[in-house]
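**Q** dropping a prediction and its sequence here:
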Amino acid sequence: MHAFDYRRPATLEEALALLASEPDARPLAGGMTLIPTLKQRLASPAMLVDLAGIASLQRIEETDGAIVLGAMARHADVAASDLVRRRIPALAGLADGIGDPHVRNQGTCGGSIANSDPSADYPSAVVGLNATLVTDRREIRADDFFLDLFETALAPGEILTAIRFPVPDVAAYVKIPNPASRYATVGVFVARFGETVRVAVTGAASSVFRLIVTEAALERRFDIESAGEAEVALDALNVDGHAAADYRAHLIGVAARRAVALCLAEMPGA
Amino acid sequence: MSRSATQQVELTVNGMEVRAEVEPRTLLVTFLREHLGLTGTHVGCDTTQCGACTVHLDGRSIKSCTAFAVQCSGGAVTTIEGLADGDRLHPLQAAFRACHGLQCGFCTPGMIMSGTALLMRNADPSEHEVRDWLEGNICRCTGYHNIVRAVRMAAATMRETVATGEA
């Protein structure tokens, strides 16, 4: 690992100033991806700006009917939050399924989202719940945030401060995890807001994406059959030692149907 | 400031105040083992997977191979060396002995730090809950059955201690 300067500012303003002062500075959240990346010398920033000293980034609260997670809210805290478990149980469950208990004690939602790992769990909740990404300077819609493999709409030096999740009528997340890493081989997040349904897939392609045709089918009739076969183009899907494209396509259908089944089980009178 | 500059780290380690100058890139596990000589915490995979390096930071179990010592500054760390009370083993250490919960012993410090973190949250975990919690700790001897038995035995011992008011 190359040497770097380390700073732990107490305010967002100080953090922004540090990032602006050094072009090779990088923010440090929980470090669960960044530290292994530094060890492998895949990145060698001149400075790490640790966001852990900024108390306002750790909040978990309800504001104007939406659940707001500070970007430094840890997975374990989101999973254990009475508020999140009551208002969006699928989100608490997603956080509870990331990595292992020790990783969840360090990893943060903002770190995961800003990293845009194609196999991370959080991006599916951000897109599935149509969340708003709040940064130091603007608000970004979920559909505009994840651009590609490890690429987001964040500008250099811009800090993701909070994620605002609208509360759905019902939602579910189903992940087919890699048995070793627990990253999603495929993960599908289904959310229903009144007559609107959103279906977001992680793990399957270069970044999270929506199943538009499946969403429309579920809006017409919210049942397991409508979750149907995935309509994804095979050439867009990831191929690796764990799963071929056609297998991933199959898993998308499986996870979508299971997620809809979970939603139906929670809906009164369904 | 040059990039090789050291920074001060202040930690409470197993109840003792520790102050040292380290490079920011010094991992917590390196600091514990090489600066403090606390070699009970092991480095297995060095990639956040095996859990041999598990310690507690402010009461939470973390993998010390994936945290910088400077990040933890101001915090309280407990390692395997901090569990026993003099010659009296922690109930989970005693249970590992009683249940033959270790074979080669390499994963044991991490397993015990992970297990104690679980028992702080859940005084009576089911076998399933223990197995689920230990997901982040790998035993290369595959001695999981006895490890799970040890955690549940320690849970029973600790509940009994609380019930009878024993110190």
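**A** Sure, I can see it.
**Q** and residue 59, what pLDDT?
**A** Here I'm looking at chain A. Each residue has a pLDDT score; the one for residue A:59 is 97.
**Q** that was the other one, I meant chain B.
**A** 96.
**Q** residue contacts, it?
**A** Neighbour list for residue B:59: B:76, B:120 [criterion: C-beta atoms under 8 Å, 6 or more residues apart in numbering or on different chains]. C-beta: built from backbone N, CA, C; applies to glycine.
**Q** any regions of chain A where pLDDT drops low?
**A** A:229-230, A:269-270 (pLDDT under 70).
**Q** which residues in it form helices?
**A** For chain A, helices defined by DSSP state H occupy the ranges A:12-21, A:34-39, A:75-80, A:82-87, A:89-96, A:101-104, A:109-115, A:122-128, A:142-145, A:212-220, A:224-227, A:245-266.
**Q** contacts for the second one?
**A** For helix A:34-39, the external contacting residues (C-beta under 8 Å, 6+ apart) are A:1-2, A:4, A:26, A:28, A:43-45, A:48, A:111, A:115, B:25, B:46-48, B:66-68.
**Q** kindly report the same for stretch B:155-166.
**A** With contact meaning C-beta under 8 Å, 6+ apart, stretch B:155-166 is reached by B:91, B:94, B:95, B:119, B:122, B:123, B:124, B:125.
**Q** derive a PyMOL selection command for the buried subset of these.
**A** Here is the PyMOL command that selects only those of the contacts of stretch B:155-166 that count as buried (16 or more other C-beta atoms under 10 Å in any protein chain shown):
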select buried, chain B and resi 91+94+95+119+125
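**Q** need the contacts of stretch B:155-166 in JSON lines with secondary structure, can you?
**A** Below are the contacts of stretch B:155-166 laid out as JSON lines (DSSP: H, G, I helix; E, B strand; the rest coil):
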{"residue": "B:91", "secondary structure": "helix"}
{"residue": "B:94", "secondary structure": "helix"}
{"residue": "B:95", "secondary structure": "helix"}
{"residue": "B:119", "secondary structure": "helix"}
{"residue": "B:122", "secondary structure": "coil"}
{"residue": "B:123", "secondary structure": "coil"}
{"residue": "B:124", "secondary structure": "coil"}
{"residue": "B:125", "secondary structure": "coil"}
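**Q** so which of the contacts of stretch B:155-166 reach chain A?
**A** Among those, proximity to chain A is found for none (C-beta under 8 Å from any C-beta of the partner chain).
**Q** near chain A, which residues of chain B?
**A** Contact residues (C-beta under 8 Å from any C-beta) of chain B with chain A: B:1, B:3-5, B:7, B:23-25, B:46-49, B:51, B:54, B:60-63, B:66-68, B:70-71, B:114, B:117-118, B:133, B:135-137.
**Q** just the buried ones from the residues you listed?
**A** The neighbour count (16+ other C-beta under 10 Å) marks B:7, B:23-25, B:46, B:48-49, B:51, B:54, B:60-63, B:66-68, B:70-71, B:114, B:117-118, B:133, B:136-137 as buried among the residues of chain B next to chain A.
**Q** can you report how many residues lie near the closest residue to chain B within the stretch 101-250 of chain A?
**A** Residue nearest to chain B within the stretch 101-250 of chain A (C-beta to the nearest C-beta): residue A:105, separated by 4.3 Å. Residue A:105 has 24 neighbours, counted by other C-beta atoms under 10 Å in any protein chain shown.
**Q** was I right to think it contacts residue B:61?
**A** Yes - the pair residue A:105 / residue B:61 is scored as a contact, 6.0 Å apart, by C-beta atoms under 8 Å.
**Q** residue A:11: what's it in contact with?
**A** Going by C-beta under 8 Å, 6+ apart, residue A:11 touches residue A:54.
**Q** any idea how far residue A:136 is from it?
**A** Plainly put, residue A:11 is 11 Å away from residue A:136 if you go by C-beta to C-beta, to the nearest Å.
**Q** before we move on, what about residue A:156?
**A** With distances taken as C-beta to C-beta, residue A:156 is found 13 Å from residue A:136.
**Q** again, but for residue B:14
**A** For residue B:14, the distance to residue A:136 (C-beta to C-beta) stands at 39 Å.
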